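A.B. asks: What follows is a predicted protein model with its sequence.
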Amino acid sequence: MVFEQRLSQKQVQKMILAPQMQQALHILQLPLMELRQVVRQELGQNPTLEEVQEGKERDVENQDENYDEETRNLIEEMEKIASSQELWQEYFRNLNYSDAVSDEEKDGYSKTLLTARPNLQARLLRQLRTSDCSDYSIGELIIGNIDEDGYLRTSTQEIAAVSGSTAEKVEEILVLIQTFEPAGVGARDLKECLLIQLRGRKEESPLAMKIVSEYLEELEKKKYSQIAKKLTIDVEDVRETAKNIAALEPKPGHKFNPVSPQYILPDVSVKKIDGEYQIIVNDADLPTMRISPFYKRLLKNDRSPETQKYLTEKFKSALWLIKSIEQRKRTIYRVAECIVKRQMEFLDKGISFLKPLRLKDIARELNLHESTVSRVTTDKYIETGRGIFELKYFLSGALQSDEDGAMSTRSIKAKIAKVIKNENPGAPLSDNKIAELMRKNGINIARRTVAKYREQLRILPSNLRK
């Protein structure tokens with residue numbers, strides 16, 4: 001099949017609907033350990049795929065096979081389908097998961113993949129698939145940004161930018177996800193988490209809702225008399241309500257965290273050789289695959305319609321898997337290379353030199369869709385001289401600095417954590433004082449921003465650090 005330089009929208013939609021395209025996207029976002037499982041599964045299910053044993057010829061694609069013209073054309077067509085860069089680009093630009101796959105197809109396809117993990121996100125994805133979600137791709141992005149405690153750590157505006165949707169649409173789907181189990185999941189802060197749980201109770205407590213909505217800070221400090229006075233109610237009512245609120249789960253995802261050790265297999269490593277950083281994509285742990293010469297010969301010799309149909313489908317599946325893995329490797333390399341170029345000072349000097357870097361920056365430089373970069377950086381790890389990091393670790397917004405124009409918010413958080421770690425335990429620094437110290441060091445930051453970052457670091461306010 002020869003692709004024209006410009007595919008029509010109808011042609012693009014047909015490719016998006018293809019199961020091979022679903023597989024290609026899935027291969028791209030899989031962590032290395034899970035990809036290894038999928039490859040092993042395919043080797044066991046597809047007879048036209050075989051593993052190249054160590055010591056044998058690894059590349060047989062260029063062998064001179066005496067196929068007849070019809071067979072050769074068929075193989076060439078399948079290889080073009082599998083390797084077309086234009087098709088990949090069109091696919092990543094136009095993917096719409098909810099339009100491309102029916103509920104029945106989604107359910108059937110998901111059962112064939114060895115990717116489910118007994119964690120919070122896997123549970124949420126199962127609930128998403130059985131819900132009346134109006135856009136599954138947005139739902140998946142939201143769930144992908146929910147941390148192990150059950151909180152959404154990305155703004156709806158950022159998700160809207162990645163998905164090409166609106167913040168209102170993302171908010172609508174987030175509200176749906178907030179109805180999933182465990183109660184309180186998908187909240188953006190503690191207040192929202194508690195309110196979600198209170199709304200989900202059979203008997204709502206208006207008083208509890210009022211206290212959480214307006215007096216959470218006083219509640220944390222156990223200022224029951226002050227709350228009672230403001231609400232003109234008995235202090236005992238406040239105490240009793242406080243007990244009920246305390247029974248809520250502040251970290252709804254916590255109980256779903258795996259208790260067994262989680263081993264990380266880096267997808268890519270970066271090493272400094274002769275003064276220059278070299279990037280190596282880890283594929284040593286993946287079986288090396290090839291198309292079986294035996295079944296190639298069978299395709300040539302056995303002209304029965306049943307055999308031709310069976311082998312054609314299996315060849316397509318095998319070629320697409322091989323090309324999808326090659327494309328995954330190229331894309332991870334390009335994204336890692338971009339990150340290393342931007343974050344070279346971090347690799348040389350440490351977290352204080354981490355630069356601002358956003359998904360859109362990488363997407364623009366590499367001419368990729370932001371959702372593609374998001375999938376590449378999620379659950380993918382890079383091994384550096386400073387440790388192993390998720391690729392997404394290097395992505396953060398910017399904060400203005402008098403010295404160099406902008407600093408990574410992650411490096412700012414590290415500086416705040418360091419200031420608090422070195423403070424006098426008997427006289428903890430207030431958020432305002434920390435902001436002053438940061439400004440003296442050339443970092444323009446407001447007290448509210450310090451408070452926000454401190455909360456994200458799970459550090460208590462100064463009055464509770466004594």
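C.D. replies: Noted; the coordinates are in hand. Numbers count the residues shown, from 1 in each chain.
A.B. asks: rest of the way, CA atoms for contacts and neighbours
C.D. replies: Fine.
A.B. asks: Which residues in stretch 353-364 does the neighbour count mark as buried?
C.D. replies: 353, 354, 355, 356, 357, 358, 359, 360, 362, 363 (16 or more other CA atoms under 10 Å).
A.B. asks: and which of those residues is nearest to residue 411?
C.D. replies: Residue 411 has its nearest neighbour among the buried residues of stretch 353-364 in residue 354, at 5.8 Å by CA to CA.
A.B. asks: Now tabulate the buried residues of stretch 353-364 in TSV and tack on pLDDT, secondary structure and distance to residue 437.
C.D. replies: Listed next are these as TSV, based on pLDDT from 0 to 100; DSSP: H, G, I helix; E, B strand; the rest coil; distance: CA to CA, whole Å:
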residue	pLDDT	secondary structure	distance to residue 437
353	79	helix	18
354	79	coil	20
355	81	coil	21
356	81	coil	21
357	85	strand	25
358	84	coil	27
359	86	helix	31
360	86	helix	32
362	90	helix	33
363	89	helix	36
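A.B. asks: in the chain, which spans are strands?
C.D. replies: Remark: strands assigned in the chain by DSSP state E are 49-51, 268-273, 276-281, 289-291, 381-384, 387-390, 398-399, 407-408.
A.B. asks: Pipe those strands into TSV and attach distance to residue 28, mean pLDDT and mean neighbour count per row.
C.D. replies: Shown next, in TSV, are these (distance: least, CA to CA, whole Å; pLDDT from 0 to 100; neighbours: other CA atoms under 10 Å):
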stretch	distance to residue 28	mean pLDDT	mean neighbour count
strand 49-51	20	86	19
strand 268-273	14	90	16
strand 276-281	13	90	15
strand 289-291	17	85	19
strand 381-384	14	90	21
strand 387-390	15	86	14
strand 398-399	28	52	18
strand 407-408	27	64	24
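A.B. asks: okay, the ones you listed in a markdown table with distance to residue 427 next?
C.D. replies: A markdown table is the format used below for those (distance: least, CA to CA, whole Å):
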| stretch | distance to residue 427 |
| --- | --- |
| strand 49-51 | 64 |
| strand 268-273 | 43 |
| strand 276-281 | 44 |
| strand 289-291 | 63 |
| strand 381-384 | 38 |
| strand 387-390 | 34 |
| strand 398-399 | 28 |
| strand 407-408 | 29 |
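A.B. asks: So which of the ones you listed is nearest residue 247?
C.D. replies: strand 387-390 (34.2 Å).
A.B. asks: Next, the contact list for residue 151, please.
C.D. replies: If you count contacts by CA atoms under 8 Å, 6 or more residues apart in numbering, residue 151 has them with 185, 186, 187, 188, 189, 251, 253.
A.B. asks: Let's see the pLDDT reported for it.
C.D. replies: pLDDT for residue 151: 93.
A.B. asks: Next one: it from residue 127, what distance?
C.D. replies: With distances taken as CA to CA, to the nearest Å, residue 151 is found 17 Å from residue 127.
A.B. asks: Could you do residue 161 as well?
C.D. replies: Residue 161 is 24 Å from residue 127, by CA to CA.
A.B. asks: in the protein, which ranges drop under the pLDDT threshold?
C.D. replies: 1-22, 54-118, 257-263, 396-408, 466 (pLDDT under 70).
A.B. asks: For it, which helix extends over the most residues?
C.D. replies: helix 305-342 (DSSP state H).
A.B. asks: Which elements pack onto that one?
C.D. replies: Secondary-structure packing of helix 305-342 (3 or more CA pairs under 8 Å, 6 or more residues apart in numbering; DSSP states H and E): helix 19-29, helix 69-83, strand 268-273, strand 276-281, strand 289-291, helix 293-301, helix 359-366, helix 370-377.
A.B. asks: Mind listing what's buried along it?
C.D. replies: 308, 311-312, 314-329, 331-340, 342.
A.B. asks: quick one on the thing from earlier: make a markdown table out of the contacts of residue 151 and add distance to residue 137 and neighbour count.
C.D. replies: A markdown table is the format used below for the contacts of residue 151 (distance: CA to CA, whole Å; neighbours: other CA atoms under 10 Å):
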| residue | distance to residue 137 | neighbour count |
| --- | --- | --- |
| 185 | 18 | 31 |
| 186 | 16 | 31 |
| 187 | 19 | 24 |
| 188 | 20 | 16 |
| 189 | 24 | 14 |
| 251 | 25 | 19 |
| 253 | 22 | 23 |
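A.B. asks: So which of those belong to helices?
C.D. replies: Judged by DSSP H, helices contain none of the contacts of residue 151.
A.B. asks: what about stretch 444-453, distance to the chain center?
C.D. replies: Its chain's C-alpha centre and that of stretch 444-453 lie 27 Å apart, by CA atoms, centre = their mean, to the nearest Å.
A.B. asks: Pull out the buried positions in it.
C.D. replies: 444, 445, 446, 450, 451, 453.
A.B. asks: ok, of these, which one's closest to residue 31?
C.D. replies: Nearest to residue 31, judged by CA to CA, of those is residue 453 at 29.0 Å.
A.B. asks: ok, now which ones touch that closest one?
C.D. replies: Residue 453 makes contact with residue 413 under the criterion CA under 8 Å, 6+ apart.
A.B. asks: how close does it sit to residue 155?
C.D. replies: Distance, residue 453 to residue 155, by CA to CA: 15 Å.
A.B. asks: Now the most centrally placed residue in the chain: phi and psi?
C.D. replies: Nearest to the mean C-alpha position of the chain, counting by CA atoms, centre = their mean, stands residue 378 at 3.3 Å. Dihedral pair for residue 378: phi -90, psi 130, per degrees, to the nearest 10.
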